[in-house]
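A.B. asks: Sharing a sequence plus its predicted fold:
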Amino acid sequence: MGKLGFFLREDTALGDGKRWIVVAPTAAGAGLLLARAAGPGQQARIGNQTGGRVAFFLETSDFAADHARMAAAGVRFLEAPRHEPYGDVAVFEDLYGNRWDLIGPT
């Protein structure tokens with residue numbers, strides 16, 4: 001498990017330097033498939049695939065505990081937690097500059 005507490009669910013070599021990597025916040029259920037950028041055009045977009053907007057949303061049932069654990073592990077939060085009509089939220093960046101919302105729904 002890394003800083004986000006995700007599990008590596010699959011890491012399969014596909015040949016030609018390609019891999020099928022699936023990570024998830026739990027050992028079962030939905031996962032996130034990761035792909036390496038292929039070529040200079042894709043590499044130039046790493047960390048900016050969404051033009052600076054939040055790309056991913058990580059929902060938690062214990063916002064305060066998960067925020068504290070992630071911050072202690074070195075996750076870079078871009079703001080202090082705030083409360084919105086839909087719940088508690090804080091934006092953080094992954095290793096490549098992609099923005100995520102940590103959300104504790106109301």
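C.D. replies: Sure thing, it's come through.

A.B. asks: The helix or strand of the chain with the lowest mean pLDDT: what's the following helix or strand?
C.D. replies: Sorted by mean pLDDT, DSSP states H and E, the helices and strands of the chain end with strand 32-34, the least confident at a mean of 84. The element immediately downstream of strand 32-34 (helix or strand, assigned by DSSP states H and E) is helix 40-43.

A.B. asks: which other residues reach that following helix?
C.D. replies: Contact with helix 40-43 is made by Ala37, as judged by C-beta atoms under 8 Å, 6 or more residues apart in numbering. No exception for glycine: its C-beta is placed from N, CA and C like everyone else's.

A.B. asks: Mind doing that once more with 10 Å?
C.D. replies: Applying C-beta atoms under 10 Å, 6 or more residues apart in numbering, the contact partners of helix 40-43 are Ala35, Arg36, Ala37, Gln49.

A.B. asks: For the helix or strand following that helix, which residues meet the burial criterion?
C.D. replies: Downstream of helix 40-43, the next assigned helix or strand under DSSP H and E is strand 54-59. Within strand 54-59, the residues scored as buried using 16 or more other C-beta atoms under 10 Å are Ala55, Leu58.
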